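A.B. asks: quick one, fold the following:
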Amino acid sequence: MRFVAIKSQVQQDMMALHRVRSLLIRERTALMNEMRGLLAEYGVVVAQGAVALRRALATIVEDHEARVSDLLREILSEMSERLRLFEERLKRYDLRITEVKDGNILLSVHTEDGKERDRAKKIFETGGAVDISYTGEASVPKEQKPAVH
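C.D. replies: Reported below is the predicted structural model:
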């Protein structure tokens, strides 16, 4: 049987915020990939990343001489609005996460590899974690014979 600590309401709220935020990110990514796919069918290749896609969409939606049809331009405009709504919601969730009081979470990563430790630290920093620290386990010396005096 596996036992887990009971979570407080604040901890559960924080977990819910993170889960919904993660869902929004997946949905936003799917929408952006679909937009890239539609553009690729018209021969317009857009680099990965939200910034590159926004730039390309701004050019395509406003430039009526582009290689895309008016119908696709209208569809992309609608999809761009949905993308903007996803990003607004993500900002609201990010703000809510920072507002939740006493919702600190302790994460522990165990690794024997310094590269993996550095990678985990970078992931935490990217995610906005604060007070990141690490400790190494000192080698336990083998039993030594007591000195005889």
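
A.B. asks: mind checking what secondary structure residue 61 has?
C.D. replies: helix (DSSP: H, G, I helix; E, B strand; the rest coil).

A.B. asks: count the neighbours of it for me.
C.D. replies: 15 (other C-beta atoms under 10 Å). The way it works is simple: take the backbone N, C-alpha and C, and place the C-beta from them, glycine included.

A.B. asks: where's it relative to residue 75, distance?
C.D. replies: 10 Å (C-beta to C-beta, to the nearest Å).

A.B. asks: cool, and residue 124?
C.D. replies: For residue 124, the distance to residue 75 - C-beta to C-beta - is 39 Å.

A.B. asks: show me what counts as buried in the longest helix anywhere in the chain.
C.D. replies: For the chain, the longest helix by residue count, based on DSSP state H, is helix 9-41. Within helix 9-41, the residues that count as buried by 16 or more other C-beta atoms under 10 Å are 11, 14, 17, 21, 24, 28, 31-32, 35-36, 39.

A.B. asks: distance from that helix to the middle of the chain?
C.D. replies: Distance, stretch centre to chain centre, for helix 9-41: 9 Å (C-alpha atoms, centre = their mean, to the nearest Å).

A.B. asks: and it, average pLDDT?
C.D. replies: In this model, helix 9-41 has a mean pLDDT of 92.

A.B. asks: for stretch 47-61, same thing?
C.D. replies: 89.

A.B. asks: make 897 the starting number, not 1.
C.D. replies: Understood, numbering begins at 897; the last thing we discussed is stretch 943-957.

A.B. asks: just the C-alpha atoms of that stretch, please, in CSV.
C.D. replies: Output of stretch 943-957 as CSV, limited to C-alpha atoms (Å, rounded to 0.1, in the frame of the first residue of the first chain):
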residue,chain,number,x,y,z
ALA,A,943,9.4,28.4,-38.2
GLN,A,944,8.5,26.9,-34.9
GLY,A,945,7.7,29.3,-32.0
ALA,A,946,4.9,31.6,-31.2
VAL,A,947,6.8,34.7,-32.3
ALA,A,948,7.6,33.5,-35.8
LEU,A,949,4.0,32.4,-36.3
ARG,A,950,2.6,35.7,-35.1
ARG,A,951,4.9,37.6,-37.4
ALA,A,952,3.9,35.4,-40.4
LEU,A,953,0.2,35.7,-39.6
ALA,A,954,0.4,39.5,-39.3
THR,A,955,1.9,39.7,-42.7
ILE,A,956,-0.4,37.2,-44.3
VAL,A,957,-3.7,38.6,-42.9
